[in-house]
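1. Provided below are the primary sequence and the corresponding predicted coordinates.
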Amino acid sequence: MDTTKQAKIPIVVFSKLEDLKPGTSSWLSARKQVCDALEEHSYFVARLSEEVCLELHNRIFSALDDLFDFPKESREKNMSEKPFRGHYSDNVAIDSVGIDDATSLEEALNFAKIFWPNGNDRFSEIVNSYGKFMTGLDQTVTRMIFDYYGVEKYKCDSHIKSMEYVLKFTRYKLESDHHHLQKKEQPYVAIGEHEDLSFTTIIHDNDVNGLEIKTKDGKWIVFDGSPSSFLVMASDALQLWSNDRIKPCTHRVVLRENKVRYSLLLLTYNKGIICVPEELIDEEHSLRYKPLNHPEYVALQYRDTKTRLCLKSFCVCSACPAANRTLPVAAPLQQEELSFIVADSSSKLHMRRSSRQKDQAKSSPTRILMQNNRRAKEVDKMSVYIYTIKNMMELDED
Ligand SMILES: O=C(O)CCC(=O)C(=O)O
Ligand SMILES: [Fe+2]
């Protein structure tokens, strides 16, 4: 598994967020560096002031120690009606929980009650101040992006108002007797190659490596975290908003050593429709995407990173007349129906798969679907997903 440690991740020095005032020379310089990095690489490291970060870093990671000291059954109680939220543990190495609104003290208080029946004010306060800090960083980056591309300030204000800021805490850990660790040459892929479904994702970790980013020339580089480094990645919805100027960052998590890795993620999602602003459509950049219903896009996705519906199939301008319509929710389909539709439609769809999986998938898309279907609790979601594909194809044929 090839990785390059030498490759550089662009760094933009932010120092203190409150010092970055729109219009000042430091703002304009950071704004350009942010957008150049996003266009060229799809990611950058925001370097904040050590003085601010060190305390924040120590407090949040000590709170995470407390959180993950509880047995897994406690974290399983962290549920959410929304997809990709709440507790998940897809493989032996991952254990992840989260809160839906990183800015809300009430959510932080309720989250603490899952673990401490009488609450834990100190824990909630740490989580809330960390959530607000990450959200502030994200909003600063978003304002820079809107400003750089000449998109009106009131549109940025309304975009920020319509965003949800989800905070995710993940622990990666392999038991020391795990066979991957015994055969040292075999790293463990905890999350396969993928792009996030969000608008942006910010990642902070406890200095234990694991996150790897794919460069434009196909090499993997390791994100080497530090208390003052926050990796900002572009995701699918930003690709759409920027009318393809910015591509989503491809990344994965690979465990190469027997250490506990904690990561903190802030994922941003629009609560409604997201579209390309008129300022980003010109002769060189004709309109590429129809408006995207962001919650629907996320809901129709499959957690398995190998089998996701990509943005282009979902709402690219010419290929998807269904993008503006409200997609109906289907009744669960029967097994034979599912396999028939997938076998029938696979040739027409662009699905994202890691290159290793591509060959397998080509030979038998139905087999992959069948494997997926075995996970009973995912079947309903899969039906909606397949139904949507079918619906889009029918419209295509009209
Ligand atoms: O934990 C990390 O560093 C990244 C996790 C990730 O890529 C994800 O949850 O989508
Ligand atoms: Fe991710």
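-> Good, I have the coordinates. Ligands and ions are numbered 1, 2, ... in the order given.
2. Tell me where the stretch 1-150 of the chain is predicted with low confidence.
-> 1-7 (pLDDT under 70).
3. what about the residue of it found nearest ligand 1, which SS state?
-> Ligand 1 sits closest to Ser96 of the stretch 1-150 of the chain, with a gap of 7.2 Å, by Cβ to the nearest ligand atom. C-beta coordinates here come from the backbone N, C-alpha and C atoms, glycine included. What DSSP: H, G, I helix; E, B strand; the rest coil gives for Ser96 is strand.
4. ok, it touching Lys173?
-> No: with contact defined as Cβ atoms under 8 Å, Ser96 does not count as touching Lys173 (11.6 Å).
5. doesn't Phe44 fall inside a helix?
-> No: assessed with three-state DSSP, Phe44 is strand; it does not lie in a helix.
6. tell me the contacts of it?
-> Residues near Phe44 by Cβ atoms under 8 Å, 6 or more residues apart in numbering: 9-12, 33-34, 37-38, 231-232.
7. ok, which pair from those is furthest apart?
-> Spanning the widest gap among the contacts of Phe44 are Gln33 and Leu231, at 14.8 Å by Cβ to Cβ.
8. Identify each buried residue in stretch 255-273, please.
-> Residues of stretch 255-273 classed as buried by neighbour count (16 or more other Cβ atoms under 10 Å): 255-256, 261-270.
9. and ligand 1, which of those residues reach it?
-> 263, 265 (Cβ under 6 Å from any ligand atom).
10. Let me have the buried residues of stretch 255-273 in JSON lines, extended by pLDDT and secondary structure.
-> JSON lines is the format used below for these (pLDDT from 0 to 100; DSSP: H, G, I helix; E, B strand; the rest coil):
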{"residue": "Leu255", "pLDDT": "93", "secondary structure": "strand"}
{"residue": "Arg256", "pLDDT": "89", "secondary structure": "coil"}
{"residue": "Arg261", "pLDDT": "97", "secondary structure": "strand"}
{"residue": "Tyr262", "pLDDT": "97", "secondary structure": "strand"}
{"residue": "Ser263", "pLDDT": "98", "secondary structure": "strand"}
{"residue": "Leu264", "pLDDT": "98", "secondary structure": "strand"}
{"residue": "Leu265", "pLDDT": "98", "secondary structure": "strand"}
{"residue": "Leu266", "pLDDT": "98", "secondary structure": "strand"}
{"residue": "Leu267", "pLDDT": "98", "secondary structure": "strand"}
{"residue": "Thr268", "pLDDT": "98", "secondary structure": "strand"}
{"residue": "Tyr269", "pLDDT": "97", "secondary structure": "strand"}
{"residue": "Asn270", "pLDDT": "97", "secondary structure": "strand"}
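11. what's the farthest-apart pair in the buried residues of stretch 255-273?
-> Arg256 and Asn270 (35.2 Å).
12. Would you mind listing what in the stretch 1-150 of the chain touches ligand 1?
-> Counting by Cβ under 6 Å from any ligand atom, no residue of the stretch 1-150 of the chain is near ligand 1.
13. make it 8 Å
-> Taking Cβ under 8 Å from any ligand atom as the measure of proximity, the stretch 1-150 of the chain contacts ligand 1 at Ser96.
14. can you give me the strands in the stretch 151-300 of the chain?
-> Ranges of strands within the stretch 151-300 of the chain are 163-172, 188-194, 200-205, 211-214, 220-222, 229-234, 251-255, 261-270, 273-274, 292-293, based on DSSP state E, counting those that start in this stretch.
15. Which residues does the third one contact?
-> Defining contact as Cβ under 8 Å, 6+ apart, one finds that strand 200-205 is touched by 46, 57, 134, 137-138, 141-142, 211, 223, 225, 229-235, 238, 249, 261-268.
16. For that strand, which strands pair with it and how are they oriented?
-> Strand 200-205 sits in its sheet next to strand 229-234 (antiparallel), strand 261-270 (antiparallel), going by DSSP bridges.
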